[in-house]
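A.B. asks: here is my input, please return the structure:
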Amino acid sequence: MAVRIRLTRMGKKKKPYYRLIATDSESPRDGKFLEILGSYDPMKDPAQVTVHAEKVQYWLAKGAKVSESARSILKSQGVLQGS
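C.D. replies: Residues are numbered from 1 along each chain as shown. Predicted coordinates:
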């Protein structure tokens, strides 16, 4: 099983917010997940981001890959350096 850190869409129509999750890479976008790692609300001004850095580091140590959108959020929060 390959673990992936990515966003899953929540909220209502035209009012999205996203959860940052650790999930099996083959599960659907809004399907089962292993753990919630944070949230991202683009509708607020400025966008509201919450990240549990220790949980993210745990999954990265286990070999989890990060999606492009999740990578940009984690970099902006200072959880990921470089890469």
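
A.B. asks: can you give me the strands in this structure?
C.D. replies: 3-12, 15-24, 35-41, 48-51, 65-66 (DSSP state E).

A.B. asks: can you redo these as a markdown table with mean pLDDT?
C.D. replies: Converted to a markdown table, the strands of the chain look like this (pLDDT from 0 to 100):
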| stretch | mean pLDDT |
| --- | --- |
| strand 3-12 | 94 |
| strand 15-24 | 95 |
| strand 35-41 | 96 |
| strand 48-51 | 94 |
| strand 65-66 | 95 |
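
A.B. asks: S76 is nearest to which of the ones you listed?
C.D. replies: strand 48-51 (7.2 Å; Cβ to Cβ). Heads up, the C-betas are built off the backbone N, CA and C, glycines and all.

A.B. asks: ok, and for the closest one, which residues are buried?
C.D. replies: Across strand 48-51, burial judged by 16 or more other Cβ atoms under 10 Å covers 49, 51.

A.B. asks: tell me the contacts of I36?
C.D. replies: Residues counted as contacts of I36 (Cβ atoms under 8 Å, 6 or more residues apart in numbering) are 19-21.

A.B. asks: which strand residues bridge it?
C.D. replies: I21 (DSSP bridges).

A.B. asks: repeat that for Y17.
C.D. replies: Bridge pairing for Y17 - DSSP bridges - gives M10.

A.B. asks: pLDDT value on S25, please?
C.D. replies: What the model reports as pLDDT for S25 is 89.

A.B. asks: then V79?
C.D. replies: 89.
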